[in-house]
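Colleague: Fold the following.
(one chain, ligands or ions: 2)
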Amino acid sequence: MTTRTTIGAPDAKCILAQGLSVRVRVPGSSANLGPGFDCLGLALSIYDEVAVTVTDGGITVAVAGEAADQVPLDERHLVARAVVRGFEAAGVAVPGFHLETRNAIPHSRGLGSSAAAVVGGLAAASALVAADGRRAALDAETLVQLSSEFEGHPDNAAASVLGSAVVTWSHGHDAYYARRLSVHPSIVVTACVPQFESSTEATRGVLPDSVPRKDAVFNVSRAALGVVALTADPDCLFDATQDRLHQDYRAEALPDTTRLVKALRDAGCAATVSGAGPSVLVLGTAPLGAPEVALAAELGFTAIPVDVAGGVEVIS
Ligand SMILES: Nc1ncnc2c1ncn2[C@@H]1O[C@H](COP(=O)(O)OP(=O)(O)OP(=O)(O)O)[C@@H](O)[C@H]1O
Ligand SMILES: N[C@@H](CCO)C(=O)O
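Modeller: Ligands and ions are numbered 1, 2, ... in the order given. Have a look, this model is predicted:
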């Protein structure tokens, strides 16, 4: 007798039915916002879509859009791994599933593509559980926790889950928390995106284990001010986006990004490295001016106006 294997929670009593299908939309994000290394994030209106259908066996994957030819089309695919983790966490299993992703978030540009991929997979698994109705879907706290475990830091992941701006923190190395902020309606966001890539793992590797106390104090003040600037007083955005904790250490690995941040800040714009780079995020109360857009273009960056996005959502 052959034993049929399932995918998801071991020995699950709840097996989702073949044909059950969902589609979710998940935003990219910018982390750090200058001083808030690993603890501030902002969801951006650049979206990936993830569709999952329960099948009679195996994991199949189809990808369209960004980096479609650079990701594995099997169970190693990051979104597929997150779907499986979501089933495990919800205590369900499936005979198999087909995953389709439509990607608009560029990979390895500091716009939270990996976090969005993981949040999309977890949220799709959760939506299938909700559609089945026999087990509880994953709540937002659980989505933040599980997606941050994949990432190793919660700032991008929480922004993709909750939307808007987020403050995140952790206890030890493996318990992650987040709260959503209401972003001041006058804030305008521009992402300056280059063609070249940079790996987050690589640019985390260049950071020192300790920093001078005066730099720590500097960053604590700026990150706290960041919450004020984002929610209540956007006039403080320029000071609130200063950083001494990570950007200077990453400058050598990100020369053009560093040049653009400096040039924009010299022009009075609240520019920061987006996440671990190489994109640049600009926060303000007016769209980026033509001279600054031209400045970005000269260095090989495309300035894209973006909105502050809501969190991951089920669209069908
Ligand atoms: N939609 C996706 N599908 C499959 N794999 C993905 C997807 N998005 C990202 N990845 C994986 O994550 C890697 C990029 O992750 P990385 O953390 O270096 O950059 P990022 O998430 O785009 O930027 P940052 O974390 O600085 O905002 C890709 O090379 C790919 O392996
Ligand atoms: N806080 C993370 C974000 C990566 O997107 C870092 O700067 O490494």
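Colleague: residue in the stretch 201-316 of the chain nearest to ligand 1?
Modeller: Of all residues in the stretch 201-316 of the chain, G275 sits closest to ligand 1, with a separation of 3.3 Å (C-beta to the nearest ligand atom). Heads up, the C-betas are built off the backbone N, CA and C, glycines and all.
Colleague: Show me what from this protein comes close to ligand 1.
Modeller: Residues of the chain that fall close to ligand 1, judged by C-beta under 6 Å from any ligand atom: 31, 48, 71, 77-79, 101, 103, 107-115, 117, 156, 199-200, 275-276.
Colleague: Verify the contact between E151 and A116 for me.
Modeller: No - judged on C-beta atoms under 8 Å, E151 makes no contact with A116 at a distance of 10.5 Å.
Colleague: neighbour count winner among the two?
Modeller: Between E151 and A116, counted using other C-beta atoms under 10 Å, A116 has the larger neighbour count: 33 against 21.
Colleague: Could you check how far S21 is from ligand 2?
Modeller: 31 Å (C-beta to the nearest ligand atom, to the nearest Å).
Colleague: Okay, and the beta partners of that residue?
Modeller: T53 (DSSP bridges).
Colleague: so it makes contact with T55?
Modeller: No - contact criterion C-beta under 8 Å: S21 and T55 do not qualify, at 9.9 Å.
Colleague: What confidence value was assigned to F37?
Modeller: In this model, F37 is scored at 98, pLDDT.
Colleague: Ok, H173 next?
Modeller: Note on H173: pLDDT of 82.
Colleague: One more: L111?
Modeller: pLDDT, read off for L111, is 98.
Colleague: Burial check on it, number of neighbours?
Modeller: 29.
Colleague: Check E66 too.
Modeller: 18.
Colleague: residues contacting it?
Modeller: Counting by C-beta atoms under 8 Å, 6 or more residues apart in numbering, E66 touches N103, A104, I105, P106, H107, S113.
Colleague: Most proximal residue of the stretch 1-150 of the chain with respect to ligand 2?
Modeller: Going by C-beta to the nearest ligand atom, ligand 2 is nearest to A31 of the stretch 1-150 of the chain, at 3.6 Å.
Colleague: For that residue, which residues count as its bridge partners?
Modeller: Here A31, judged by DSSP bridges, has bridge partners G41.
Colleague: And for it, the neighbour number?
Modeller: Counted by other C-beta under 10 Å, the residues lying close to A31 total 32.
Colleague: ok, it touching G41?
Modeller: Yes - the criterion here is C-beta under 8 Å, and A31 meets it with G41 at 4.8 Å.
Colleague: can you list residues touching both of those two?
Modeller: The overlap between the contact sets of A31 and G41 (C-beta under 8 Å, 6+ apart) consists of G112, D155, N156, A159.
Colleague: wait, is the last one part of a helix?
Modeller: Put plainly, it is A159. Yes - secondary structure of A159 (DSSP: H, G, I helix; E, B strand; the rest coil): part of a helix.
Colleague: Isn't it up against A165?
Modeller: Yes - contact criterion C-beta under 8 Å: A159 and A165 qualify, at 7.4 Å.
Colleague: Of those two, which one has the most company?
Modeller: Applying other C-beta under 10 Å to A159 and A165 shows that A159 carries more neighbours, namely 33 against 27.
Colleague: show me what contacts that one?
Modeller: Going by C-beta under 8 Å, 6+ apart, A159 touches P27, S29, S30, A31, G41, L42, A43, G112, A115, A165, V166, G311.
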